[in-house]
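K.L.:
Give me the fold of what follows.
(one chain, ligands or ions: 1)
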Amino acid sequence: MAKEQNGKDNPKKEQLENYTEDNTGQFLTTNQGTKVNDDQNTLKAGERGPSLLEDFIMREKITHFDHERIPERVVHARGSAAHGVFKVYDNKLGKFTRANFLTNPSLETPVFVRFSTVAGSRGSTDLARDVRGFAVKFYTDEGNFDLVGNNMPVFFIQDAIKFPDLIHAVKPEPHNEMPQAASAHDTFWDFISLMPESAHMIMWLMSDRAIPRSFRMMEGFGVHTFRLVNAKGTSTFVKFHWKPLLGVHSVVWDEAQKISGKDPDFHRRDLWDAIDKGFFPEWELGVQLVPEEDEHKFEFDLLDPTKIIPEELVPVQRIGKMTLNRNPENFFAETEQVAFHPGHIVPGIDFTNDPLLQGRLFSYTDTQLIRLGGPNFHEIPINRTVAPMHNNQRDGFMRQEINRGKTSYQPNSLGGGCPFQAKMVEGGYSSHAEKIDGQKVRARSRSFFDHFSQATLFYNSQSEPEKTHLQDAFSFELGKVETVEVRRRMVGILTQIDTGLATKVADALGLQVPARPEHPINHSIPADGNPPDFQPVKTKSSLDRSAALSMANTPKDTVKSRKVAILTAEGVNAASVETMQQALAAAGAVGEVIAPKHGMVEAGNGKDLPVKNTYLTTSSVLYDAVYLPGGTAALAGNGDALHFLNEAYRHCKAIAADADANEVLRSTWFAEGETPGVFIGNDVKALAGQFIEGMKQHRFWEREKMGKVPA
Ligand code: HDE
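P.N.:
Residues are numbered from 1 along each chain as shown. Coordinates of the predicted model:
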């Protein structure tokens, strides 16, 4: 396995090592340490006789096996995780927060990060069209801080009480448990079409962000507005962002569906392999800061989790970097048992009254109690803090700690008053003293009622290909909805966002576009004035567009860790392969040889080239780009190889071909005419240069318009 980026002490790693077991060179034993001398046969009354109840070895083994499963997470069940470190660049935030890990650039804080889909079960595909969880546990020297975010900056609902409804609607339908890991079904869109507050989030969900190329190429967002609080107790509102150094990139929907069959572990494998090969994924942590006195200066409410603060209004300041540099040792022990909680905070950070965040503060401990089996889940190694931990909590299922002494209460004199409460100067947490004066009401602020203007801002900010993908995504999802009335109601919602979008989707569904209502539709069911006026209020965003919302504007300056398929056959030109492989490696990309058979492929000069995959075991959808070397004329008659090329073309990927392989290209569907992103040349070195520049663009979306390739 690749070495960690630096050999410095990592307190979390050291702590985990204390709990790590290694069988190498050891005898097999029972859980009680008794050595086992036959693990193949049960104890029986005679060779052909019945098994004996006294067989403690067999009983222990089977009993443990019977209890191996724990409940999967009720949401975000499917996930993958990695260890890493976070380091702040300087102490610029010192004015705003007293959190050590955000202000002391000499600290390297260990982190554990879990990425996930939301709707699918633990064994479902990585490539579902879905939100991705982006949960970071910082093991700071002042306690654990969990930033439990998503790869989209807003959420479906404004109030936590709607969360069970949202999740019941999106999960497989209860009568037949279909479809798995998909939102394209009646109950989800029924709910969404009745919840105009979800309009903004739905735009993100139908965008390419919902089908990422890699966890390593996603942004992350804390979503809610939080507070930073300094030593004087002054609070500043903050939104947290993660910006990936590889840029933000996605696959196309047709590709996503195919990957789900070819390699449902695609994202998991990608993360694992990248770290294993030393391509450590990196993100910069960004903050948007809003002084308390500016709380009401925006045309939206900072407490409303369906709104972003456009970067044009408040720029994102990049304050530090996170690097993931170590794969877990054991999936269950670490990735499955890690317990995130937005309520795990440290001095210098505090909550706001965002009603979604407030509800989350309740839910996460509650869910761990059932999922991890009791109140001692903080003692599971992956969840332990590296800060000193002392309190008067005691006992419970699976308690590990042996608490010394006879006092477990506060105040006490018999235990010398220990453990002591910490003053603020001693690092004690003190909640921000926000002034609150209100009536107890079940209500929502009118400042939360604009549901559409940021949805429109999002749409307007997209590039043309992204707009097309959005139209296609809505057409696909609603096309899978069986109840026509739900489809119609959703088109009605879309008219509130953009009539062009609504028209395209209505057309695909064979529906008329409903007239855009003068007054937005009231989708709630008014019953005797209760719930109170819940009518969306249409306001126009003061911004027409925001560049940060389009993936077209993401940095496109690297091909690091990108995978290139090199299509070969017997007689391939070895120099054509090796020159390209060297150029790719120099740029940080990986060129893998694909051939009709495993083992070695014999090149024209008699040299053997090692084969990574065959046309049977892999597919174009598992690669970023394709290279066709010289000496491969035989592939002109190989349907799998031609399909590989056609499909890569259809998915808008960079393709390079040695001019010597022209005969093969002529057999593809894109042989003639304009071919953006297809590079052909005699000089493989020069060709590699063009190819690599092309790969940096990620995809050549203009090809989609041509739409003639039937792969
Ligand atoms: Fe979660 N969410 N959530 N959520 N969430 C869970 O906690 C919940 C929300 C997020 O990799 C659960 O341990 C409620 C927003 C992530 O282990 C549960 C509400 C955001 C993960 C839960 C929300 C998230 C979870 C399920 C509305 C983005 C996976 C298992 C009030 C800011 C963490 C668990 C991991 C997991 C509840 C809304 C992110 C049930 C009630 C908004 C990344 O506690």
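
K.L.:
C-alpha from now on. contacts and neighbour counts both.
P.N.:
Fine.

K.L.:
And for the one helix or strand in the chain whose mean pLDDT sits lowest, what's in contact with it?
P.N.:
In the chain, no helix or strand scores lower on mean pLDDT, DSSP states H and E than helix 703-706, which sits at a mean of 88. Here helix 703-706 makes contact (Cα atoms under 8 Å, 6 or more residues apart in numbering) with 649-652, 675-676.

K.L.:
which among these gets closest to the ligand?
P.N.:
Distances from the ligand to the contacts of helix 703-706, taken as Cα to the nearest ligand atom, are shortest for His651 (29.3 Å).

K.L.:
wait, doesn't the closest one sit right on Ala256?
P.N.:
No: with contact defined as Cα atoms under 8 Å, His651 does not count as touching Ala256 (10.3 Å).

K.L.:
Tell me, how many residues neighbour whatever residue of the stretch 351-500 of the chain ends up closest to the ligand?
P.N.:
Using Cα to the nearest ligand atom, the single residue of the stretch 351-500 of the chain nearest to the ligand is Tyr364, 3.6 Å away. By other Cα atoms under 10 Å, 16 other residues sit near Tyr364.

K.L.:
Quick check: which element contains it?
P.N.:
According to DSSP states H and E, Tyr364 maps onto helix 355-371.

K.L.:
thinking again about what came up before, can you narrow the contacts of helix 703-706 to ones near the ligand?
P.N.:
Checked against the ligand using Cα under 6 Å from any ligand atom, these give no members in range.

K.L.:
Which members of the residues you listed occur in helices, if any?
P.N.:
Judged by DSSP state H, these include 649-650 as members of helices.

K.L.:
So which of the contacts of helix 703-706 sits lowest on pLDDT?
P.N.:
The member of these with the lowest pLDDT is Thr675, at 86.

K.L.:
Helices of the stretch 201-350 of the chain, residue ranges please.
P.N.:
For the stretch 201-350 of the chain, applying DSSP state H, counting those that start in this stretch gives helices covering 253-262, 266-276.

K.L.:
Format the CA atom coordinates belonging to the shortest one as CSV.
P.N.:
What that stands for is helix 253-262. Written as CSV, here are the backbone C-alpha positions of helix 253-262 (Å, rounded to 0.1, in the frame of the first residue of the first chain):
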residue,chain,number,x,y,z
TRP,A,253,-26.8,9.2,-17.5
ASP,A,254,-26.5,6.4,-20.1
GLU,A,255,-23.0,5.7,-18.8
ALA,A,256,-24.2,5.8,-15.1
GLN,A,257,-26.8,3.1,-15.9
LYS,A,258,-24.3,0.9,-17.6
ILE,A,259,-21.7,1.3,-14.9
SER,A,260,-24.3,0.2,-12.4
GLY,A,261,-24.2,-3.2,-14.1
LYS,A,262,-20.6,-3.4,-15.1
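
K.L.:
Please state the mean pLDDT value computed over it.
P.N.:
Mean pLDDT, helix 253-262: 98.

K.L.:
What of stretch 548-565?
P.N.:
According to the model, stretch 548-565 has a mean pLDDT of 97.

K.L.:
still on that earlier bit, now do the contacts for the residue of the stretch 351-500 of the chain closest to the ligand.
P.N.:
By Cα under 8 Å, 6+ apart, the contact set of Tyr364 is 340-342.

K.L.:
which among those are in contact with the ligand?
P.N.:
Within the contacts of Tyr364, those near the ligand by Cα under 6 Å from any ligand atom are Phe340.

K.L.:
mind putting the contacts of Tyr364 in CSV, neighbour count and pLDDT included?
P.N.:
Below are those laid out as CSV (neighbours: other Cα atoms under 10 Å; pLDDT from 0 to 100):
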residue, neighbour count, pLDDT
Phe340, 21, 98
His341, 23, 98
Pro342, 22, 98
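
K.L.:
Please identify which of the contacts of helix 703-706 is nearest to Asp265.
P.N.:
Asp265 has its nearest neighbour among those in His651, at 19.8 Å by Cα to Cα.

K.L.:
residues contacting that closest one?
P.N.:
252, 255, 699, 704.

K.L.:
before we move on, back to that, ok, and for the helix holding Tyr364, which residues are buried?
P.N.:
Neighbour-count burial for helix 355-371, counted by 16 or more other Cα atoms under 10 Å, picks out 355-358, 360-361, 364-365, 368, 371.

K.L.:
if we look at the helix or strand following it, which residues are touching it?
P.N.:
Where DSSP H and E defines the elements, the next helix or strand beyond helix 355-371 is helix 453-460. Here helix 453-460 makes contact (Cα under 8 Å, 6+ apart) with 199-201, 203-204, 307-308, 467, 497-498, 538-541, 543-546, 549.

K.L.:
how about a cut-off of 10 Å?
P.N.:
197-204, 207, 300, 306-310, 452, 461, 466-467, 470, 494, 496-498, 501, 537-550 (Cα atoms under 10 Å, 6 or more residues apart in numbering).

K.L.:
still on that earlier bit, may I have the helix holding Tyr364 as CSV, with CA atoms only?
P.N.:
The C-alpha trace of helix 355-371 is given here as CSV (Å, rounded to 0.1, in the frame of the first residue of the first chain):
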residue,chain,number,x,y,z
PRO,A,355,-35.0,24.3,11.7
LEU,A,356,-33.5,21.4,9.7
LEU,A,357,-30.3,21.6,11.6
GLN,A,358,-32.1,21.7,14.9
GLY,A,359,-34.0,18.5,14.0
ARG,A,360,-30.8,16.8,12.9
LEU,A,361,-29.3,17.5,16.3
PHE,A,362,-31.8,15.1,17.8
SER,A,363,-31.8,12.5,15.1
TYR,A,364,-28.2,11.4,14.8
THR,A,365,-27.7,10.1,18.4
ASP,A,366,-31.1,8.5,18.3
THR,A,367,-30.2,6.6,15.1
GLN,A,368,-26.8,5.4,16.5
LEU,A,369,-28.6,4.0,19.6
ILE,A,370,-30.4,1.5,17.4
ARG,A,371,-27.8,1.0,14.7
